[in-house]
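In: make a model of this:
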Amino acid sequence: MLKEIEGIIIKETPYGETSKIIQVYTKEGIISLMCKGAKSLKSPYRATTLKFTYAKFIIYYKENKLSLLSSVDILNSLSHIKSDITLLSYLNYLTELTVQVVKQTDANIYEDYITTILKIESGLDPLIMCNILEIKYLDYLGVGLNLDACISCGAKANILTIDGDRGGYICSKCYQNEIIVEPKTIELLRMYYYVDIKSITKLKISAKVRDEINYFLNTYYERYTGLYLKSKDFLKKLKN
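Out: Residues are numbered from 1 along each chain as shown. Below you'll find the predicted structure:
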């Protein structure tokens, strides 16, 4: 039967001499599609079935089998992201991270992922948007942050700093020579978790606070998630 799906192509695999199979991340999960003749120079699918194409796809849907692509209607070309190696690296990392979260939990995180990508495409700071999505994914990965109290003693008052190795907020009594972050960093970390990504229209965060949050999340991910993503390593090298 014919079916319309919205999604973004996250992988291309050659099939034979002229065709390929694409994987599309959708609200319903990851769907594989056969694209007959898509590698042919004259094929209308040649340009519309490339990785990171965000579109509506009309498909001949076959439950539990490989579905067949019928047509593609581009929703957003993501031209701003694709013209910048740094932005493209963020897209690649967020996609790889999202796929890992979906595979491990079957979580329905499509809206948060797509909205984050579109916010980056619109010109919002890619590092901040990336960190917001990263912190929202922690619950799905089973290592959510306690943003209400000191990670050591449970005190809700006199929070002094945050530390990725220790796993969260640290109060003045439990402080053990960790780096002291800006008070705004502690405040915004909580905001990152609770904010509705769709509601974000502008970002005014100092470079120091932005980098402190990113450092915390990088350390926390490395210590507690067990994920190793090559795209993250490349992004770090590019940033440095």
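In: rest of the way, CA atoms for contacts and neighbours
Out: Fine.
In: where does pLDDT dip in this structure?
Out: Regions of the chain meeting the criterion pLDDT under 70 are absent.
In: now the helices for it?
Out: For the chain, the helices defined by DSSP state H occupy 79-82, 85-105, 110-121, 126-140, 183-194, 207-224, 230-239.
In: what's the closest of those to Ile10?
Out: Of all the helices of the chain, helix 85-105 sits nearest to Ile10, with 7.2 Å by Cα to Cα.
In: how big is the angle separating the closest one from helix 126-140?
Out: If you take axes from the mean of the first three to the mean of the last three Cα atoms, to 10 degrees, helix 85-105 sits at 10 degrees to helix 126-140.
In: centroid-nearest residue for the chain?
Out: Nearest to the geometric centre of the chain sits Leu94, at 3.0 Å (Cα atoms, centre = their mean).
In: report how many residues lie close to the nearest residue to Tyr45 once chain neighbours are set aside.
Out: Residue nearest to Tyr45 in three dimensions, not counting chain neighbours: Ala38, with 4.9 Å by Cα to Cα, 6 or more residues apart in numbering. Using other Cα atoms under 10 Å, Ala38 has 24 other residues around it.
In: okay, now the domains of this protein?
Out: The chain breaks down into these domains under automatic domain parsing: 2-77, 80-239.
In: off-centre distance for stretch 12-22?
Out: 26 Å (Cα atoms, centre = their mean, to the nearest Å).
In: farthest residue from the center of this protein?
Out: The C-alpha centroid of the chain is most remote from Lys173, which lies 35.6 Å away (Cα atoms, centre = their mean).
In: roughly how far does that residue sit from Phe234?
Out: Distance of Lys173 to Phe234, given as Cα to Cα, to the nearest Å: 38 Å.
In: swap in Asn146?
Out: Computed as Cα to Cα, the Asn146 to Phe234 distance reads 29 Å.
In: these two - which one has more neighbours?
Out: When Asn146 is set against Phe234 and neighbours are counted by other Cα under 10 Å, the residue ahead is Phe234, at 16 against 13.
In: and the more buried one, how far is that from Ile21?
Out: 26 Å.
In: same deal with Leu66?
Out: 9 Å.
In: what touches both of these two?
Out: Residues touching both Leu66 and Ile21 (Cα atoms under 8 Å, 6 or more residues apart in numbering): Ser32, Leu33, Met34.
In: so the second one touches Lys65, yeah?
Out: No. When contacts are counted by Cα atoms under 8 Å, Leu33 is not listed as touching Lys65 (9.3 Å).
In: longest strand of this structure?
Out: strand 2-15 (DSSP state E).
In: give the buried residues for that strand.
Out: Across strand 2-15, burial judged by 16 or more other Cα atoms under 10 Å covers Ile5, Glu6, Gly7, Ile8, Ile9, Ile10, Glu12, Tyr15.
In: equivalent analysis for stretch 63-77, please.
Out: Result for stretch 63-77 [16+ other Cα under 10 Å]: buried residues Ser67, Leu68, Leu69, Ser70, Ser71, Val72, Ile74.
In: so how far is Glu134 from Val101?
Out: Relative to Glu134, Val101 is positioned 10 Å away (criterion: Cα to Cα).
In: do you know how far the residue lying closest to Lys82 once chain neighbours are set aside is from Tyr15?
Out: Of all residues not flanking Lys82 in the chain, Leu88 sits nearest, at 5.5 Å (Cα to Cα, 6+ apart). Counting by Cα to Cα, the separation of Leu88 from Tyr15 is 26 Å.
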